[in-house]
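Asks: Dropping the sequence and predicted coords here.
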Amino acid sequence: MRPSPARLIRLVPRSSVSGAKKFVPALDQRPIVKPPTLIETMQARQQAAGSNWPANIRIEPVVRREDFKGVPKKTRAQLLAMMRET
(Lines give C-alpha, C1' and ligand atoms only; values in the text may rest on other atoms or scores of the structure.)
Protein backbone atom coordinates (compact mmCIF):
# COMPACT_ATOMS: atom_id res chain seq x y z
CA MET A 1 0.00 0.00 0.00
CA ARG A 2 1.39 3.37 -1.01
CA PRO A 3 1.37 6.31 1.39
CA SER A 4 -0.67 9.34 0.44
CA PRO A 5 1.10 12.64 -0.29
CA ALA A 6 -0.27 14.05 2.95
CA ARG A 7 1.52 11.30 4.91
CA LEU A 8 4.83 12.06 3.23
CA ILE A 9 4.88 15.73 4.28
CA ARG A 10 6.33 16.49 7.68
CA LEU A 11 5.63 19.91 9.17
CA VAL A 12 8.43 21.43 11.20
CA PRO A 13 7.62 24.24 13.64
CA ARG A 14 9.50 27.51 13.06
CA SER A 15 10.80 27.51 16.60
CA SER A 16 12.80 24.35 15.93
CA VAL A 17 14.60 25.92 12.94
CA SER A 18 17.65 27.85 14.12
CA GLY A 19 18.54 31.24 12.62
CA ALA A 20 16.58 31.93 9.48
CA LYS A 21 19.46 33.60 7.63
CA LYS A 22 19.58 33.92 3.89
CA PHE A 23 22.57 32.44 2.14
CA VAL A 24 23.75 34.72 -0.65
CA PRO A 25 26.52 33.11 -2.71
CA ALA A 26 29.36 35.29 -3.96
CA LEU A 27 29.06 36.46 -7.53
CA ASP A 28 31.26 34.75 -10.05
CA GLN A 29 34.21 37.03 -10.81
CA ARG A 30 35.40 35.16 -13.90
CA PRO A 31 34.98 36.98 -17.21
CA ILE A 32 32.29 35.53 -19.45
CA VAL A 33 33.99 33.86 -22.39
CA LYS A 34 31.94 32.60 -25.31
CA PRO A 35 32.95 29.18 -26.58
CA PRO A 36 33.95 29.08 -30.24
CA THR A 37 31.15 28.38 -32.68
CA LEU A 38 31.10 25.25 -34.80
CA ILE A 39 32.05 27.20 -37.91
CA GLU A 40 35.05 28.78 -36.15
CA THR A 41 36.17 25.36 -34.92
CA MET A 42 35.83 23.83 -38.38
CA GLN A 43 37.72 26.74 -39.99
CA ALA A 44 40.57 26.29 -37.50
CA ARG A 45 40.68 22.58 -38.31
CA GLN A 46 40.67 23.35 -42.04
CA GLN A 47 43.61 25.74 -41.68
CA ALA A 48 45.51 23.24 -39.54
CA ALA A 49 44.94 20.43 -42.05
CA GLY A 50 45.99 22.52 -45.03
CA SER A 51 45.95 20.49 -48.25
CA ASN A 52 44.98 17.33 -46.35
CA TRP A 53 41.47 18.75 -45.76
CA PRO A 54 38.87 16.52 -47.48
CA ALA A 55 37.40 18.06 -50.62
CA ASN A 56 33.86 16.99 -49.76
CA ILE A 57 33.74 19.12 -46.58
CA ARG A 58 33.18 22.75 -47.54
CA ILE A 59 32.73 25.62 -45.11
CA GLU A 60 30.78 28.58 -46.41
CA PRO A 61 31.43 32.01 -44.87
CA VAL A 62 28.86 33.49 -42.53
CA VAL A 63 26.86 36.17 -44.35
CA ARG A 64 24.91 38.68 -42.28
CA ARG A 65 22.23 41.08 -43.42
CA GLU A 66 24.37 44.07 -42.51
CA ASP A 67 26.95 42.96 -45.08
CA PHE A 68 24.44 43.49 -47.91
CA LYS A 69 22.76 46.60 -46.54
CA GLY A 70 23.47 48.90 -49.49
CA VAL A 71 23.31 46.27 -52.23
CA PRO A 72 20.29 46.30 -54.57
CA LYS A 73 17.89 43.36 -54.23
CA LYS A 74 18.52 42.04 -57.73
CA THR A 75 22.26 41.71 -57.25
CA ARG A 76 22.02 40.25 -53.72
CA ALA A 77 21.00 36.80 -54.96
CA GLN A 78 23.79 36.79 -57.54
CA LEU A 79 26.40 37.76 -54.95
CA LEU A 80 25.20 35.08 -52.55
CA ALA A 81 25.38 32.48 -55.31
CA MET A 82 28.93 33.54 -56.16
CA MET A 83 30.00 33.27 -52.52
CA ARG A 84 28.83 29.67 -52.24
CA GLU A 85 31.33 26.98 -53.08
CA THR A 86 30.25 24.58 -55.78
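Replies: Looks like it arrived, so ask away.
Asks: Counting neighbours, what do you get for Val33?
Replies: Applying other CB atoms under 10 Å, we find 6 residues neighbouring Val33. C-betas here are computed from N, CA, C, even on glycine.
Asks: Repeat that for Ser16.
Replies: Ser16: 6 neighbours (other CB under 10 Å).
Asks: same deal with Ala26?
Replies: The number of residues packed near Ala26 is 5, by other CB under 10 Å.
Asks: Need the pLDDT of it.
Replies: We note a pLDDT of 80 for Ala26 in this prediction.
Asks: Give me the three-state assignment for Ala6.
Replies: Counting by DSSP: H, G, I helix; E, B strand; the rest coil, the backbone at Ala6 sits in helix.
Asks: what pLDDT does it get?
Replies: Listed pLDDT for Ala6 reads 78.
Asks: continuing past the host helix or strand of Ile39, what's the next helix or strand?
Replies: If you go by DSSP states H and E, Ile39 is part of helix 38-49. For helix 38-49, the following helix or strand on the C-terminal side (DSSP H and E) is helix 73-83.
Asks: now the end-to-end length of stretch 8-25.
Replies: Length of stretch 8-25, first residue to last, CA to CA, to the nearest Å: 31 Å.
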